[in-house]
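Enquirer: Below are the sequence and a predicted model for it; my questions follow.
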Amino acid sequence: MNVLSTAFSTSGSNEVIIRRALPEDAAQIVAYARGVFAEPGINLITMADEFNPTTESEARMISEMNRASNSLFLVAEADGRIVGQLTLQGGKRRNVRHATTLGITVGRGYRGRGIGRRLMAYAIDWARAGGVVTRIELNVFVRNTNAIRLYESCGFEVEGRRRRAARRDGEYLDDLVMALLLD
C-alpha cells in the first residue's frame, strides 16, 4: 500500500492511526507487547517472561522488516500510544519469499473496535500491491473464535489443525493453520 498511514475513529476512543512501525517506536512496542503477553487467558504462545528484547534489538528488527520487500510491521496508535500491532514476517529463502507469517495483537480496552480489521486490511492491501507476497499464513488457537471469525471474513481458510500445539494456562491447546492466497 502506498499510503504511509491511515487514520480512523472508533466508538469510545479518539482517532486511531495505523502506520508502519519505526525504529524509534521500539521501547513503546516492547512495553506494549509485554503488557499483552501478561494478560490472563491471552491467546498467544509467548509468555511475558519469555519476551525480553532490548530496545536496540527491537529497533534493529523493525529496520530490517522495513527494508524487506516481503515483511511489514504495523502499529495502531491512539492518544499517542501503541494499542495494536501486526507483523508480516516474510520467508528468508528464495523458495519461500512469497510466503509471510502474520502475527497480530490489539491491546485490552481497544478490542472490538475494528482496529484488528483495519490492521488486517492494510496488511493485505500492502501485500497485494507489493507483488512479492502471494501467501499470508498464521496459526490461531481454536478457542480464539473472535480472531478466527476475523480471519475468515478477510478470506483466510483453514488448512489444518495442530492438536495439542501449545500449552498455556495449564492446558493443552489446539491451533488452526490458516492461509490467504493472493493470486
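Expert: Structure's in. What do you need?
Enquirer: any idea how far the nearest residue in space to residue 144 that is not next to it in sequence lies from residue 112?
Expert: On the basis of C-beta to C-beta, 6 or more residues apart in numbering, the spatially nearest residue to residue 144 that is not a chain neighbour turns out to be residue 43, at 4.0 Å. In this view, the C-beta of every residue, glycine as well, is placed from N, C-alpha and C. Distance, residue 43 to residue 112, using C-beta to C-beta, to the nearest Å: 14 Å.
Enquirer: can you pull out the helices in this protein?
Expert: For the chain, the helices defined by DSSP state H cover 26-37, 55-67, 115-130, 145-153.
Enquirer: and residue 100, which of these is closest to it?
Expert: helix 115-130 (7.0 Å; C-beta to C-beta).
Enquirer: quick check: mean pLDDT across that closest one?
Expert: Across helix 115-130, pLDDT averages out at 97.
Enquirer: Show me what counts as buried in it.
Expert: Residues of helix 115-130 classed as buried: 115-116, 118-120, 122-124, 126-127, 130 (neighbour count, 16 or more other C-beta atoms under 10 Å).
Enquirer: What count of nearby residues applies to residue 162?
Expert: Summarising burial for residue 162: neighbours were counted as other C-beta atoms under 10 Å, giving 13.
Enquirer: Kindly provide the distance from it to residue 154.
Expert: 21 Å.
Enquirer: Then residue 58?
Expert: Taken as C-beta to C-beta, the span from residue 58 to residue 154 is 27 Å.
Enquirer: pLDDT below threshold where in this structure?
Expert: Applying pLDDT under 70 to the chain flags residues 1-13.
Enquirer: Tell me the buried residues in stretch 161-170?
Expert: Buried residues in stretch 161-170, counting neighbours by 16+ other C-beta under 10 Å, are found at 165, 168.
Enquirer: Tell me the gap between it and the middle of its chain.
Expert: What separates the centre of stretch 161-170 from the centre of its chain is 20 Å, taken as C-alpha atoms, centre = their mean, to the nearest Å.
Enquirer: Could you shift the numbering so residue one becomes 249, and keep it that way?
Expert: Sure, I'll start numbering at 249, so the last one becomes stretch 409-418.
Enquirer: what's that stretch in contact with?
Expert: With contact meaning C-beta atoms under 8 Å, 6 or more residues apart in numbering, stretch 409-418 is reached by 288-289, 291-293, 387, 389-390, 420-425.
Enquirer: Dump stretch 304-313 to CSV, restricted to CA.
Expert: This file holds the C-alpha atoms of stretch 304-313, laid out as CSV (Å, rounded to 0.1, in the frame of the first residue of the first chain):
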residue,chain,number,x,y,z
GLU,A,304,18.1,-1.7,20.4
SER,A,305,17.4,-5.3,19.2
GLU,A,306,13.7,-4.4,18.6
ALA,A,307,14.7,-1.2,16.7
ARG,A,308,17.1,-3.3,14.5
MET,A,309,14.3,-5.8,13.8
ILE,A,310,11.9,-3.0,12.8
SER,A,311,14.6,-1.5,10.5
GLU,A,312,15.2,-4.9,8.9
MET,A,313,11.5,-5.5,8.3
